[in-house]
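Asker: following is a predicted model, sequence given first.
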Amino acid sequence: MTTTIVLPDAAALAEHAAREVLADAAAAIRARGYFTFVLSGGNTPRRLYEKLASEPLVSQLPWDRTHVFWGDERHVPPDHAESDYRMARESMLSKVPIPAANVHRIEAELADAAEAARRYEATIRDTFAALGQPASATPSFDLVLLGLGADGHTASLFPGSPALDEQSRWVASPWVEKFNTYRITLTPPILNASAHVIFLASGTDKADAVWASQHERPEPRRRPSQAIRPSNDRLTWLLDTGAASRLDDRSTPGFSA
């Protein structure tokens, strides 16, 4: 089921997203004893991470049984100003009681982005195997957070990217022409195997991309966000009023304002 929830502003969006994280974590712990959580980079989730790292929420999340991953990463060292890992560490991970062994970052400082992708896929495989999942199965993350670019990209899946055609690899290292660099990103096969995917979008500059993602004829090569269709059909759009400004409750799936 696809659900679209519109919040009045970025603060309310972060508050609602935090409740979604807590609910998914509690359900995962009850079912299997651990919670696998994929973080998004960019500006929109920062407020969410700060909220999760503050009381009363920080005491409600089972950090010792939470495993954190990343949906994508820039090809930079972990202390670089543009590093998604650095943003998450500064806004959340350095402030919460999560074991260091449960933080699974992408080794984006490696000179070879393809090697970073290979290593990250091995990290995911090994972590889920240690948690008891069969090695032959595609891992199912409990919760994946994704952002949305004005061009419809998500994670580091940009329009025209060959990573959008990936059928077997879980992690790819596509060249992104607009930024003249490689990125390391999870691919549609593993993203769509997740139990729950949440898109976070804030601001009127995202309104066209949100509308196109939900209402235009599916063309994932042009609108990469359309490639994200979880196999269990649990997809949530959390939007502020700016990002939702082109939507209405007559034609938007699961619309709630």
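Answerer: Received it, and whenever you're ready, just let me know what you need.

Asker: roughly how far does the nearest residue to A172 once chain neighbours are set aside sit from A195?
Answerer: Spatial nearest neighbour of A172, chain neighbours left out: A163 (4.0 Å); criterion: Cβ to Cβ, 6 or more residues apart in numbering. (Each C-beta comes from the backbone N, C-alpha and C, glycine too.) Distance of A163 to A195, given as Cβ to Cβ, to the nearest Å: 22 Å.

Asker: who's in contact with the closest residue to R46 other than its chain neighbours?
Answerer: Nearest non-adjacent residue to R46, counting by Cβ to Cβ, 6+ apart: S91, 5.2 Å away. For S91, the contact set (Cβ atoms under 8 Å, 6 or more residues apart in numbering) comprises R46, Y49, E50, A53.

Asker: strands of the stretch 1-150 of the chain, start to end?
Answerer: Taking DSSP state E, counting those that start in this stretch as the criterion, the stretch 1-150 of the chain contains strands spanning 2-7, 35-39, 66-70, 72-74, 143-146.

Asker: quick one, helices of the stretch 1-150 of the chain?
Answerer: 10-32, 46-52, 84-91, 113-130 (DSSP state H, counting those that start in this stretch).

Asker: remind me which residues of the stretch 1-150 of the chain are low pLDDT?
Answerer: Counting by pLDDT under 70, not a single residue of the stretch 1-150 of the chain qualifies.

Asker: does T185 count as helix, strand or coil?
Answerer: Of the three states, T185 takes strand under DSSP: H, G, I helix; E, B strand; the rest coil.

Asker: quick one, phi/psi of N192?
Answerer: When quoted as degrees, to the nearest 10, the phi and psi of N192 stand at phi -80, psi -10.

Asker: before we move on, the earlier item: buried subset of the contacts of S91, written for PyMOL?
Answerer: The PyMOL command for the buried members of these (criterion: 16 or more other Cβ atoms under 10 Å) is given here:
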select buried, resi 46+49+53
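
Asker: out of the contacts of S91, which is nearest to R222?
Answerer: When those are compared for distance to R222 (Cβ to Cβ), R46 comes out closest, at 28.5 Å.

Asker: still on that earlier bit, could the strands of the stretch 1-150 of the chain be laid out in CSV, adding distance to P134 and mean neighbour count?
Answerer: Formatted as CSV, the strands of the stretch 1-150 of the chain follow (distance: least, Cβ to Cβ, whole Å; neighbours: other Cβ atoms under 10 Å):
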stretch, distance to P134, mean neighbour count
strand 2-7, 29, 19
strand 35-39, 15, 24
strand 66-70, 17, 22
strand 72-74, 26, 26
strand 143-146, 20, 26
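
Asker: now the closest residue to R89 other than its chain neighbours: how far from G203?
Answerer: The shortest distance from R89 to any non-neighbouring residue, by Cβ to Cβ, 6+ apart, is to P78 (7.8 Å). Relative to G203, P78 is positioned 27 Å away (Cβ to Cβ).

Asker: and Q60, by the same measure?
Answerer: Taking Cβ to Cβ as the measure, Q60 falls 29 Å from G203.

Asker: same question, S194
Answerer: S194 is 25 Å from G203, where distance means Cβ to Cβ.

Asker: which of those two has more neighbours?
Answerer: Higher neighbour count among S194 and G203: S194, with 25 against 16, using other Cβ atoms under 10 Å.
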